[in-house]
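pasted the sequence and its predicted model underneath.
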Amino acid sequence: MMIETYDAGLVSQLRRDGFCLVPGVLRPDLLDQLAGLAARKVAAEDEANLRRFAHHGSLIPVRYDDAELVATLTAPEVRAALRRIGCTDPRWINGYVISKPPRSPGLWWHQDWWAWGHPRTYVDEPTQLFCMIYLEPTRRENGCLRAIPGSHLNRHPLHDLLPEPHTTTIEAQPADSLSHAPAHGEIDILANPGDLVIGDVRVMHATHPNTTDRWRTAVDLLLTPDFSTLPREFRAHYVNQFCLPPVGWWDDPAHPLHGTPLSELLPTYDGPDRDRMMTYSRQPTWPADG
């Protein structure tokens, strides 16, 4: 049965808390395809790199030409789920297979926003979302996500205390450090295969350790929900993401993506600065900081 067009409750939760869960979206055949994609990517990965990212789980990129990814992105039920959470013009920008090893440590507290200081940072509407698709039941014991509701819009003490995310400094933080400690207001997000766990990349989140003897695998899809409304510098930035086809593919009438369902979900931009990416700024700042 097709999911309804708009769910005011989910939209409100995403705006208020910075995350929501849309249950039972993916069919078993799509989950099987994603499991095959994940297994293939992990098998081809260097073992040292898998160890390097034990906190995260593997961070293996998926690309626009991975058939299993395309099948997922273009599935009617996925498109309907995105409409349900209020996406008016969703565009996929990149993604990863995240396979968390058995007996691996938790991921430290962080947020994934990269344009702190830009006025777009401080609006209520999300500029970029993550969509986690877990391939097995995900609970506290095997490293489920934990998040702090409202931390995408409001300053939390951790914003001022944590090392910059995605640096060797925070990766070296021990398990008994503030970077891994229980945080005021945090909740666990439990998910089953086929659920979509969707979050604003500004929200503060972490994971529990995987204390089981099994890998915990997910596919993380990153998208912008309302691409056509974004400032042009963001649109230029997003068309340059490494998981996408080369900038300007849409100008080639013979390009094989033309007329495909996927083409509607890829960002395009024809401004004079379309080859320019923005400077990354990952350390949180707030207007009151001046």
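It's in.

can you give me the neighbour number for residue 203?
By the criterion of other CB atoms under 10 Å, residue 203 has 23 neighbours. To be clear about C-beta, it is placed using only N, CA and C from the backbone, and glycine gets the same treatment.

hmm, I typed the wrong one, I wanted residue 64.
20.

for the helix or strand bottoming out on mean pLDDT in the chain, which residues meet the burial criterion?
Every helix and strand in the chain was compared by mean pLDDT, DSSP states H and E; the lowest is helix 47-52, with a mean of 74. The neighbour-count check on helix 47-52 (16 or more other CB atoms under 10 Å) flags residue 50 as buried.

which residues are contacting it?
By CB atoms under 8 Å, 6 or more residues apart in numbering, the list of residues contacting helix 47-52 from outside reads 42, 58, 99, 101.

which one of the residues you listed is nearest to residue 24?
Of all the contacts of helix 47-52, residue 24 sits closest to residue 99, with 22.5 Å by CB to CB.

ok so, going back, can you list the contacts of helix 47-52 in CSV and add distance to residue 118, neighbour count and secondary structure?
Compiled in CSV, the contacts of helix 47-52 are given as follows (distance: CB to CB, whole Å; neighbours: other CB atoms under 10 Å; DSSP: H, G, I helix; E, B strand; the rest coil):
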residue, distance to residue 118, neighbour count, secondary structure
42, 35, 17, helix
58, 30, 21, coil
99, 33, 24, strand
101, 36, 19, coil
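
now the stretch 51-200 of the chain, which segments are flagged as low pLDDT?
For the stretch 51-200 of the chain, no stretch is flagged by pLDDT under 70.

for the strand or helix carrying residue 206, what is the average pLDDT?
Assigned by DSSP states H and E, residue 206 falls within strand 205-207. Across strand 205-207, the average pLDDT comes to 97.

following that strand, which helix or strand comes up?
Strand 205-207 is succeeded, C-terminally, by strand 216-224 (DSSP H and E).

pull the most distant pair out of the contacts of helix 47-52.
Most distant of the contacts of helix 47-52, by CB to CB, are 42 and 101, 9.9 Å apart.

could you export the least confident helix or strand of the chain as CSV, CA atoms only?
Only the C-alpha atoms of helix 47-52 are listed here, as CSV (Å, rounded to 0.1, in the frame of the first residue of the first chain):
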residue,chain,number,x,y,z
GLU,A,47,41.3,-4.7,6.1
ALA,A,48,43.4,-1.9,7.6
ASN,A,49,40.7,0.6,6.5
LEU,A,50,38.0,-1.4,8.2
ARG,A,51,40.0,-1.4,11.4
ARG,A,52,40.7,2.4,11.0
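
lovely, talk soon.
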